[in-house]
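K.L.:
Fold the following for me, if possible:
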Amino acid sequence: MKQNIDKISELMIDVICEFYENDSKARTFGTDTELYHSEIHMLQCIMDNPGLHISGIARTLGITRGAASQTAKRLERKQMIEKKVNPIDSKKILMLLTTKGKTACLNHKLAHEKHRTVISKILSSSSAEQLLFLKSFLLKFETALKE
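P.N.:
Residues are numbered from 1 along each chain as shown. Next comes the predicted model:
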């Protein structure tokens, strides 16, 4: 039993490392510009939450305002976003996706959908009991990682 648990633990770590290495590489997401993990997720946040200013984006992503501001500047230089003054509150600057930014977001969503399809295909032959166990395990693992 202990030997199986050790093998499963090592396999889980290997899968996490492989996914992390793939996810941390810069990708173009259908554009001519490389984007890093933090950049594509900020673009996705802007797309999913139109009208957010930099503080709202930082809160949503769970990062500091400074980190959000730096990432936004990089995205603006890469022509993925443009900044506009909020017509309701001129003290706030809104982040808007450019056409290039929208293309990157749509391709990012497609990449996530591809992962979901692979996972669904693998899990489709599992029993309800197996799925319940896996869900429980992953929730506990996620909680432990956050601690």
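
K.L.:
Which stretches in the protein count as helices?
P.N.:
Remark: helices assigned in the chain by DSSP state H are 2-24, 37-48, 54-61, 65-77, 99-123, 128-146.

K.L.:
got the CA positions of the first one in CSV?
P.N.:
Taking C-alpha atoms only, helix 2-24 is exported to CSV below (Å, rounded to 0.1, in the frame of the first residue of the first chain):
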residue,chain,number,x,y,z
LYS,A,2,2.8,2.5,1.0
GLN,A,3,4.7,1.7,-2.2
ASN,A,4,1.6,2.4,-4.3
ILE,A,5,1.0,5.7,-2.5
ASP,A,6,4.6,6.7,-3.1
LYS,A,7,4.4,5.9,-6.8
ILE,A,8,1.1,7.8,-7.1
SER,A,9,2.7,10.8,-5.3
GLU,A,10,5.7,10.8,-7.6
LEU,A,11,3.4,10.5,-10.6
MET,A,12,1.3,13.4,-9.4
ILE,A,13,4.4,15.6,-8.9
ASP,A,14,5.6,14.6,-12.4
VAL,A,15,2.3,15.6,-13.9
ILE,A,16,2.2,18.9,-12.1
CYS,A,17,5.8,19.7,-13.1
GLU,A,18,5.1,18.9,-16.8
PHE,A,19,2.0,21.0,-16.8
TYR,A,20,3.8,23.9,-15.1
GLU,A,21,6.6,23.8,-17.6
ASN,A,22,4.2,23.8,-20.5
ASP,A,23,2.1,26.5,-18.9
SER,A,24,5.0,28.8,-18.0
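
K.L.:
In that helix, which residues are buried?
P.N.:
Buried residues in helix 2-24, counting neighbours by 16 or more other Cβ atoms under 10 Å, are absent. (Each C-beta comes from the backbone N, C-alpha and C, glycine too.)

K.L.:
and the angle for that helix with helix 37-48?
P.N.:
70 degrees (axes from the mean of the first three to the mean of the last three Cα atoms, to 10 degrees).

K.L.:
tell me the angle of helix 2-24 relative to helix 99-123?
P.N.:
Computed by the same axes, to 10 degrees, the angle between helix 2-24 and helix 99-123 is 160 degrees.

K.L.:
just how off-centre is helix 2-24 within its chain?
P.N.:
The chain centre lies 20 Å from the centre of helix 2-24; the measure is Cα atoms, centre = their mean, to the nearest Å.

K.L.:
Thanks again, I'm all set now.
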